[in-house]
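# predicted structure and sequence below. I'll ask about it afterward.
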Amino acid sequence: MKPKLLLPKDLLKRTKDTISKIADLTPESTLDCVAGLYREHPAKDYDREEDGDMLLFQYGVYDWGSGENFEIDFTRQFYREDEILQLRCTLYFPPNVGKRTATRNLWSTNCPTLNDWVRDVANSEGFLLAQSLKPKSYRVELEKQ
């Protein structure tokens, strides 16, 4: 079956709907969701061959003004010459979960295949620290950069 092309705003809705239906939301289940949607639904009008539709995984302990959290973030970035959009799915954990690990990021374009990226994410220190934990909260949003 041919993958269905979706616009970023439609991918936001699909991601929110899919994440909200996950009974046991963890980094592991979120990775499965994000990778699955990337595999099944390329972004319409954004060329993967030109890095126009790619994935970013990142984690670290951050304080954006409301107290520290250990954040695990899955971002799908859409790029073309006149814009950059980021569809972010961020999981928030108590800071002690990731206090002893350095921040890290991993772009899908740095891996030969999506499966390699998924494997590298799943084997990263921050992911392993929280892989089966339920976040205290999460956010899914589409931002223009």
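Looks like it came in fine.

# and the pLDDT for the residue nearest to the spatial centre of the chain?
In the chain, the C-alpha nearest the mean C-alpha coordinate belongs to F74, at 1.4 Å (CA atoms, centre = their mean). Note on F74: pLDDT of 98.

# E141 reaches R88, doesn't it?
Yes - with contacts counted by CB atoms under 8 Å, E141 reaches R88, the gap being 5.5 Å. Where you see a C-beta, it was placed from the backbone N, CA and C, and this is true even at glycine.

# between the two, which is the more surrounded one?
R88 (18 against 12; other CB atoms under 10 Å).

# just say helix, strand or coil for that one.
strand (DSSP: H, G, I helix; E, B strand; the rest coil).

# what sits against it?
D73, F74, T75, R139, V140, E141, L142, E143 (CB atoms under 8 Å, 6 or more residues apart in numbering).

# how much space separates it from T15?
R88 sits 9 Å away from T15, going by CB to CB, to the nearest Å.

# anything in contact with each of the two?
V140.

# out of the contacts of R88, which end up buried?
D73, F74, T75, V140, L142 (16 or more other CB atoms under 10 Å).

# next step: the contacts of R88 restricted to strands.
Among these, the members falling in strands (DSSP state E) are D73, F74, T75, R139, V140, E141, L142, E143.

# report the beta-bridge partners for the fourth one.
Judged by DSSP bridges, the bridge partners of R139 are T90.

# with the first one instead?
With DSSP bridges as the criterion, D73 is bridged to Q58, T90.

# mind listing what it touches?
Contacts of D73 (CB under 8 Å, 6+ apart): L56, F57, Q58, Y59, R88, C89, T90, L91.

# out of the ones in strands among the contacts of R88, the closest to V34 would be?
F74 (4.4 Å; CB to CB).

# the closest one is in contact with E28, isn't it?
No - here F74 does not reach E28: they are 11.6 Å apart, not a contact under CB under 8 Å.

# L129 contacts T101, correct?
Yes - with contact defined as CB under 8 Å, L129 reaches T101; the gap is 6.4 Å.
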